[in-house]
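Colleague: give me coordinates for this.
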Amino acid sequence: MHAYASVSTADDVKVGDIDIESGERLYPGIGHGENQLRWGFIRKVYGILAAQILVTTAVTAATVLYVPINDLLRENSGFLLFLVFNRHLICMTVLWPLHIYRQKHPLNLVFLGLFTASMSLTVGVSCANTEGRLVLEALILTSAVVSALTGYTFWAAKKGKDFSFLGPILFTSLFILILTGFIQMVYPLGSTSVAVYSAISAIIFSGYIVYDTENLIKRFTYDEYIWASVTLYLDVLNLFLTILRMLKQDN
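Modeller: Residues are numbered from 1 along each chain as shown. Below you'll find the predicted structure:
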């Protein structure tokens, strides 16, 4: 389970030359009936993901563009710092019950809504003291990267490529990344170290988009649509926040 979490668009449902609404074979050896069921599952997951991203985009836009909310957050710097530095703790706290009840309807939808709302708030707070121009640039870059990586993964799966080997590598890298983030709160890194940290973070979350998209295509069971959307949502959010951090570092 990885718990890190950005903003993309519903256009991610159709990427590259592969239309996930079609009946194309997802990967070699899959049966026709299984292929149709898997396409339906993928459409369901991307529908939930699009709804999550729309909520996050709306909350982020409100914190950045709506002056009363922006001023309120600026005036409560303690609350702002708490949310920024405890984002991972908040994520894990809400993610735990969601993981337990992920296959129990309607509790899974209730906890999914709470999880999306809490993550949207932390993302919005992270953007509250950021220029709208930088947030828009991060949004565009994230959408482009997510679309390209998703399209590549669908294409690679169709060609028989396998990315399961990335699992242990990405998990270990993410653990080190989180540990470094906690150390950074006590012993702040220099500007060069922060830039390197952000670049490595972007690579790791890009890898997770490829890995989790392949899991969506091949490995998630049909009743794990909530958990599949959550993993992709976290990948996209964290990539967005990483890109945003890199853009802020350059300004």
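Colleague: which stretches of the protein have low pLDDT?
Modeller: 1-23, 66-91, 250-251 (pLDDT under 70).
Colleague: okay, helices next: where are they in it?
Modeller: Along the chain, the stretches classed as helices by DSSP state H are 32-65, 67-75, 77-85, 87-100, 107-128, 132-158, 166-186, 191-218, 225-249.
Colleague: return the most buried member of these.
Modeller: With neighbours taken as mean count of other C-beta atoms under 10 Å, the helices of the chain reach their highest mean count in helix 225-249, at a mean of 24. (Each C-beta comes from the backbone N, C-alpha and C, glycine too.)
Colleague: phi and psi next, for Pro28.
Modeller: phi -60, psi 140 (degrees, to the nearest 10).
Colleague: ok, it to Ala157 distance?
Modeller: 9 Å (C-beta to C-beta, to the nearest Å).
Colleague: to Glu24, which of the helices of the chain lies closest?
Modeller: Nearest to Glu24 among the helices of the chain is helix 132-158; the distance by C-beta to C-beta comes to 7.1 Å.
Colleague: between the closest one and helix 107-128, how many degrees?
Modeller: 140 degrees (axes from the mean of the first three to the mean of the last three C-alpha atoms, to 10 degrees).
Colleague: and helix 132-158, what other elements does it pack with?
Modeller: strand 14-15, strand 18-19, helix 32-65, helix 191-218, helix 225-249 (3 or more C-beta pairs under 8 Å, 6 or more residues apart in numbering; DSSP states H and E).
Colleague: can you check what angle separates the last one from helix 32-65?
Modeller: For helix 225-249 and helix 32-65, the angle between their directions (the same axes, to 10 degrees) works out to 40 degrees.
Colleague: likewise for the fourth one?
Modeller: Taking the same axes, to 10 degrees, helix 191-218 and helix 32-65 form an angle of 150 degrees between their directions.
Colleague: run the chain-centre distance for helix 191-218.
Modeller: The chain centre lies 10 Å from the centre of helix 191-218; the measure is C-alpha atoms, centre = their mean, to the nearest Å.
Colleague: how big is the angle separating it from helix 166-186?
Modeller: 150 degrees.
Colleague: for the remainder of this discussion, apply numbering that starts at 582.
Modeller: Sure thing, new numbering starts at 582, so read that last one as helix 772-799.
Colleague: so how far is Ser754 from Met827?
Modeller: From Met827 to Ser754 the distance is 18 Å (C-beta to C-beta).
Colleague: before we move on, what about Gln617?
Modeller: 36 Å.
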